[in-house]
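Undergrad: with the sequence up front, the predicted model follows.
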Amino acid sequence: MKAYALSTALVMTCLLLSGCGGDGIPRAAVQGTVTYDGEPVESGVIMFIPETVAPVALKITDGQYDTESDINDRRGAVIGHCSVQIFANRPTGRSYTDVMTGEKMEETKQFVPAKYNERTELTAEVEAGQQTIDFHLEK
């Protein structure tokens with residue numbers, strides 16, 4: 001039992017000292033501005049999608065995003081070439097009743113064209129360290 005406790009303590013110390021407790025994938029802090037037709041995107045999500053691992057989704061608030069807004073764990077974007085998708089909704093002025101809760105909800109609609117999300121043409125080269133990557137989207 002003592003050997004098990006000692007080996008567990010040794011492994012935990014190694015993880016803490018070496019920083020190997022993450023997913024082992026090189027990542028970097030990113031931040032930037034997202035505008036659509038010259039105006040800041042009020043709220044939405046920007047996704048950095050590398051070729052081999054899961055994407056990182058960051059919240060857009062008042063036209064700004066950064067890795068601190070990582071929806072999962074602030075792990076940063078994967079270093080290297082990434083596809084980028086940007087999603088944002090606007091109120092339509094209509095409302096509906098949620099069938100599950102009976103609550104009145106405001107209807108919203110995706111306003112960013114598919115060429116920036118579902119059929120994205122956007123890419124980014126994420127480099128080591130902190131960097132700013134801005135996206136100025138046009139209609």
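TA: Great, that's in hand.
Undergrad: residue 76 reaches residue 29, doesn't it?
TA: Yes. At 5.3 Å, residue 76 and residue 29 qualify as touching, with contact defined as CB atoms under 8 Å. To be clear about C-beta, it is placed using only N, CA and C from the backbone, and glycine gets the same treatment.
Undergrad: which neighbours do those two share?
TA: residue 67 (CB atoms under 8 Å, 6 or more residues apart in numbering).
Undergrad: and residue 77, how many neighbours?
TA: Neighbours of residue 77 under the rule other CB atoms under 10 Å: 26.
Undergrad: which one is it nearest to, not counting chain neighbours?
TA: For residue 77, ignoring the flanking residues on the chain, the nearest one in space by CB to CB, 6 or more residues apart in numbering is residue 48 at 4.0 Å.
Undergrad: ok, residue 114 - contacts?
TA: Taking CB under 8 Å, 6+ apart as the test, residue 114 contacts no residue whatsoever.
Undergrad: okay, residue 72: pLDDT?
TA: Residue-level confidence at residue 72 comes out at 77, pLDDT.
Undergrad: also the one 4 residues further on?
TA: Reported pLDDT at residue 76 in the predicted model: 92.
Undergrad: how about the nearest residue to it, chain neighbours excluded?
TA: Once flanking residues are discounted, residue 76 sits nearest to residue 27: 3.5 Å by CB to CB, 6+ apart.
Undergrad: try residue 122
TA: What sits nearest to residue 122 in space, not counting adjacent residues and going by CB to CB, 6+ apart, is residue 84, at 3.9 Å.
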